[in-house]
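> Generate a structure from the sequence data that follows.
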Amino acid sequence: MPAELRKRAAPATASYPPKAAKKAVTSKTKTTPASKDNAPKANNPPASSSTEEPNDGFPNGEGGASAIADVTDHGIANGLAEEVERAAVARPKRGAAAKVGGKKVEAAVEEDVKSSVGKSETPTAGQSITLEGFGGEVETSEGEKTTVAKLVRECKAGVVLFTYPKASTPSCTKQACLFRDAYASLTATGLSIYGLSIDSPKTNTRFKTKQSLPYPLLCDPSSSLISAIGLAKGKSATAGVFIIDKAGKVLVVDAGGPQATVDTVTKLVASMGEESDAEEMKKVVSRSLEDGDAIIEMGDSAAENATEVVDSV
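Prediction:
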């Protein structure tokens, strides 16, 4: 082949490298496709280091925080991460809060139960009770609302509550009549007598009128007061007597038959009378001593006056 022809063919082989370079460029473009999620935003500054992950310290994938995942500046991202962590520590999880709340509720319920148990305990003789709210509210046979606290305020020395199961039954009638017959002596020291049952005002009014009872009858259909004084029997009452003085001190709590309840009150009145007599005797003696001292003083004064008269003569 002539030398000229070989010299012209050489440039044709030189065109392959540019094609390879063009192919390489095309291949590079395909291997790094532009992604909407990975495309940097125009307004965000570039990351400070190529080795740092843009989502470092943040949840990624399903369940992640999308508002934080879009942040590409690591300084801002780390600051927000710290804020999120502090907020998570300061605010307990919903389950933990419920648990703490549950403990608080449980403690409050336990305290209420203890308080209720204390209030429901039957008072014993010699024990002082809080009158306000004790036994709840009851109604007289005349339809007037009242409470133990009010009855005590209105009495002179104390309140006697005798309980009976059902008005106009033989045993209850006997008990009511015994208190009727001894009414004058039982109230001589300032005690106030009341009958107490679960009967309605209408039933007790009829009972009171028929038996000419001189004392009021109290109606406690819910047996709240009867239970409070410890004389309940199921939903009704057992025969008994409860006595409380003016200061709220329980003097007697005793279940018994018609005669036994009246005898209990009679003994208490006798002891109160003896105490009253003893107190009166003390007052008499004290007055006598004071009068004696006054007489002695008068004698001494008279003697001094007589001495002064003699000396003046």
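> mind listing the strands for the stretch 51-200 of the chain?
138-140, 145-146, 158-163, 191-197 (DSSP state E, counting those that start in this stretch).
> May I see the buried residues of stretch 221-228?
Using 16 or more other Cβ atoms under 10 Å as the test for burial, stretch 221-228 gives 223, 225, 226, 227, 228. (C-beta placed from N, C-alpha, C; glycine too.)
> scratch that, stretch 190-199
Applying a neighbour-count criterion of 16+ other Cβ under 10 Å, one finds 191, 192, 193, 194, 195, 196, 197, 198, 199 buried in stretch 190-199.
> And for stretch 141-148?
For stretch 141-148, by 16+ other Cβ under 10 Å, it's 141, 147, 148.
> what about the stretch 151-300 of the chain, any weak spots by pLDDT?
By pLDDT under 70, the low-scoring segments of the stretch 151-300 of the chain are 276-289, 291-296, 299-300.
> how about the helices of it, start to end?
Listed in chain order, the helices of the stretch 151-300 of the chain (DSSP state H, counting those that start in this stretch) span 170-181, 183-186, 201-211, 224-228, 258-312.
> CA atoms only for the first one, dumped as CSV, please.
Going back to what we said before, that points to helix 170-181. Extracted in CSV, the C-alpha atoms of helix 170-181 (Å, rounded to 0.1, in the frame of the first residue of the first chain):
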residue,chain,number,x,y,z
PRO,A,170,-95.8,-6.8,121.2
SER,A,171,-92.1,-6.6,122.4
CYS,A,172,-91.6,-3.1,120.9
THR,A,173,-94.9,-1.8,122.4
LYS,A,174,-93.8,-3.1,125.9
GLN,A,175,-90.4,-1.4,125.5
ALA,A,176,-91.9,1.9,124.4
CYS,A,177,-94.5,1.8,127.3
LEU,A,178,-91.8,1.1,129.9
PHE,A,179,-89.9,4.2,128.8
ARG,A,180,-93.2,6.1,128.9
ASP,A,181,-94.0,5.1,132.4
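> before we move on, the earlier item: show me which pair in the buried residues of stretch 221-228 is furthest apart.
223 and 228 (9.1 Å; Cβ to Cβ).
> what is in contact with those two at once?
With contacts defined as Cβ atoms under 8 Å, 6 or more residues apart in numbering, no residue is shared by residue 223 and residue 228.
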